[in-house]
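In: 3D model of this:
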Amino acid sequence: MSGAMNFIIAGVGGQGIVLAAKLVARAAMAAGLQVRTSETIGMAQRGGSVVSHVRVSKLPIASPLVPPGRADALLGFEPGEAVRCLSYLRPGGIIIANAHPVAPVSAALNQQSYRGEEMLARLGQCGARLVVVDGDALCAEVGSPQVLNVALIGAAAGAGALGFSVEQLEDAIRASVREKFIAMNIRALHAGANAGANAGASAGASAGASAGANVSGSTSVTTVNQLGLQVAP
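Out: Residues are numbered from 1 along each chain as shown. Coordinates of the predicted model:
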């Protein structure tokens, strides 16, 4: 990568958001770059929102927090959480989104349906380049639901969202993950990279139109406002 880059990684507790941020940070440090990270964790062990900020630069970085409108890439491990963090994305940025939702507590308490299609549609309408990845299928391919975070980091790398190669991220995995899990995580990384490259080739307006078509006839899907999410205009 060249210059400075800012990343937001958003999801819910249990999806491995913090480790994903550490892998990106470790790859950056191995490349000789300055790195600052920060996490915002709300009831993470109960499925609450988790947001990691990762800032990378050749020059010293004053704050670990990405300012609104400055993120080059938004990695949404959960569609609704990606919508919640849209205000961080810069114009012309890229979104890597997992297609499969995790129902928020508010939807469960109010007995509302939440399938995530409307969130993907909102992401497709925001003007950013959108790459939607089937995270569940990637985990099934690798053989473990616990590699979602690495698979989505791989998808981001494959789509060109991170500025780091798959090989650099492999080194970060070897330095960060217990030895018996390294091979599985590297398989997840490559599966995600292939999916990201394929999805990235057809990202953009067609992805948003397709997501919108999935929810256009539905009246049971919980809306953004019903969930109380803050959506960037």
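In: contacts only, for the residue lying closest to residue 41 once chain neighbours are set aside.
Out: Distances taken as CB to CB, 6 or more residues apart in numbering place residue 50 nearest to residue 41, at 5.2 Å, with adjacent residues excluded. (Glycine included, C-beta is placed from N, CA and C.) Shown in contact with residue 50 (CB atoms under 8 Å, 6 or more residues apart in numbering): 10-13, 15, 17-18, 39-42, 44, 81.
In: looking at those, which is nearest residue 147?
Out: Comparing those against residue 147 with CB to CB places residue 15 closest, at 10.8 Å.
In: roughly how far apart are the closest one and residue 146?
Out: Using CB to CB, to the nearest Å, residue 15 is found at 10 Å from residue 146.
In: are any of the contacts of residue 50 buried, and if so which?
Out: Taking 16 or more other CB atoms under 10 Å as the criterion, what is buried in the contacts of residue 50 is 10-13, 15, 17-18, 44, 81.
In: list the helices and strands the helix or strand encompassing residue 149 packs on?
Out: Here residue 149 sits within helix 148-158, counting by DSSP states H and E. Judged by 3 or more CB pairs under 8 Å, 6 or more residues apart in numbering; DSSP states H and E, helix 148-158 is in contact with helix 17-30, strand 71-76, strand 89-98, strand 129-133, helix 135-142, helix 166-176, helix 179-201.
In: now the angle between strand 89-98 and the fourth one, please.
Out: Think strand 129-133. 10 degrees (axes from the mean of the first three to the mean of the last three CA atoms, to 10 degrees).
In: quick one, grab the pLDDT at residue 112.
Out: At residue 112, the model reports a pLDDT of 71.
In: circling back: so among the contacts of residue 50, where is pLDDT lowest?
Out: residue 44 (47).
In: next, count neighbours for residue 85.
Out: Residue 85 has 26 neighbouring residues, counting by other CB atoms under 10 Å.
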